[in-house]
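Visitor: Kindly return the folded structure for what I paste below:
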Amino acid sequence: MNKDYFIKLTSSVYRVTLLFPKKEPLRLLVRETANDIMTDILTVLQSDITKSRELIERLEARIDVMVGYLQVAKDQDWVSSFEIIQIEEEYNKIKEEILEISEAFEMSDIMQRGSENEEVIMNKETLMPVMANVSLTGRQEVIIRLLKEHETLQVKEVQKVLSNVTKRTLRRDLKDLVDKGKAERIGQGNETVYRLN
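Guide: Below is the predicted model:
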C-alpha cells in the first residue's frame, strides 16, 4: 500500500458520502475521519517508524471509529451495502497492518525490559526476528523461538509472554504455523500442546 492507495480510498469515501442526506452530520464526520486517517498514514509512511508509536495508536482508534461510522451508514440504507462493505474491508486491512507494526513495538519493549517469566523465560535472542523466513509475522517469530526453547507449549504459556494478545489470536497464529508446517498440534481441548515440526 502506498500514498496513491490511501488517496484513492479517501476519494472513495467522499464519493460514497455524496449519497448521504445533505444535512446528515455523519456525512461530515465520515469525511473528516477519512482525512485524519489519510493524514496519519502518510505521516507514518514518511517518518521514522520508531518515532511513530503514538501516531499508530491514534490511527488504530480512528480506524475503529471509521468502521463504526460505516456500520451506522450501512444500517441507514442510504447507499448500497456493497460499496460500504468494500470501504470497510479496506480500512480493516489497513488496521491489520497497523496492528503488526504495534506488535513490533510491543516486542521491542519486551526486549528492552528483558522480560522473564517463571514458566516461560525469554531473552533478547528469543525475540530477534528470523529474517530468512519473511512469511511469518513478528508474533509468529516469537512463538517459533519459544517453541525452540521449550519442547511443548500451551496457548496459555505463550500468552504469559505476549500478554496483550488474546488467546483467540494466539490460537490463530499457532494454527497458521501448523498449516505452514512449522509446528505440530498434539491433543485436544485444554490438553492441546504445540511443538516444532
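Visitor: correct me, but Leu55 touches Leu42?
Guide: No: between Leu55 and Leu42 there is no contact, the gap being 10.7 Å when judged by C-beta atoms under 8 Å. In short, each C-beta sits where N, CA and C put it, glycine included.
Visitor: any shared contact partners between those two?
Guide: Counting by C-beta atoms under 8 Å, 6 or more residues apart in numbering, Leu55 and Leu42 have no common neighbour.
Visitor: for the chain, what are the low-confidence residue spans?
Guide: 1, 47-53, 101-136 (pLDDT under 70).
Visitor: can you map out the strands along the chain?
Guide: For the chain, the strands defined by DSSP state E occupy 183-186, 193-196.
Visitor: winner for burial among those?
Guide: strand 193-196 (a mean of 18; mean count of other C-beta atoms under 10 Å).
Visitor: then it to CSV, C-alphas only?
Guide: Provided in CSV are the C-alpha atoms of strand 193-196 (Å, rounded to 0.1, in the frame of the first residue of the first chain):
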residue,chain,number,x,y,z
VAL,A,193,0.1,-28.5,23.2
TYR,A,194,2.2,-27.3,20.3
ARG,A,195,5.8,-28.3,19.3
LEU,A,196,8.1,-27.6,16.4
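Visitor: just checking, what packs against that strand?
Guide: helix 138-149, helix 167-179, strand 183-186 (3 or more C-beta pairs under 8 Å, 6 or more residues apart in numbering; DSSP states H and E).
Visitor: Leu55 and Leu42: who's more crowded?
Guide: Leu55 (17 against 14; other C-beta atoms under 10 Å).
Visitor: need the contact list for the residue nearest to the spatial centre of the chain.
Guide: Central residue check for the chain by C-alpha atoms, centre = their mean: the C-alpha nearest the mean position is that of Leu99, 2.6 Å away. By C-beta under 8 Å, 6+ apart, the residues touching Leu99 are Glu60.
Visitor: Swap in 10 Å and give it another go.
Guide: 56, 60, 63, 137, 139, 165, 169 (C-beta atoms under 10 Å, 6 or more residues apart in numbering).
Visitor: Among these, name the buried ones.
Guide: Listed as buried from the contacts of Leu99 are 56, 60, 63, 137, 139, 165, 169; burial here means 16 or more other C-beta atoms under 10 Å.
Visitor: ok, back up a step: got JSON lines for the helices and strands packed on strand 193-196, with distance to Lys3 too?
Guide: Shown next, in JSON lines, are the helices and strands packed on strand 193-196 (distance: least, C-beta to C-beta, whole Å):
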{"stretch": "helix 138-149", "distance to Lys3": "24"}
{"stretch": "helix 167-179", "distance to Lys3": "30"}
{"stretch": "strand 183-186", "distance to Lys3": "38"}
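Visitor: Could you dump the contacts of Leu99 into CSV and include distance to Glu191?
Guide: Formatted as CSV, those follow (distance: C-beta to C-beta, whole Å):
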residue, distance to Glu191
Ile56, 38
Glu60, 35
Ile63, 38
Thr137, 26
Arg139, 23
Val165, 22
Thr169, 21
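Visitor: returning to that earlier point: can you put the strands of the chain in JSON lines and add distance to Leu28?
Guide: Below are the strands of the chain laid out as JSON lines (distance: least, C-beta to C-beta, whole Å):
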{"stretch": "strand 183-186", "distance to Leu28": "49"}
{"stretch": "strand 193-196", "distance to Leu28": "49"}
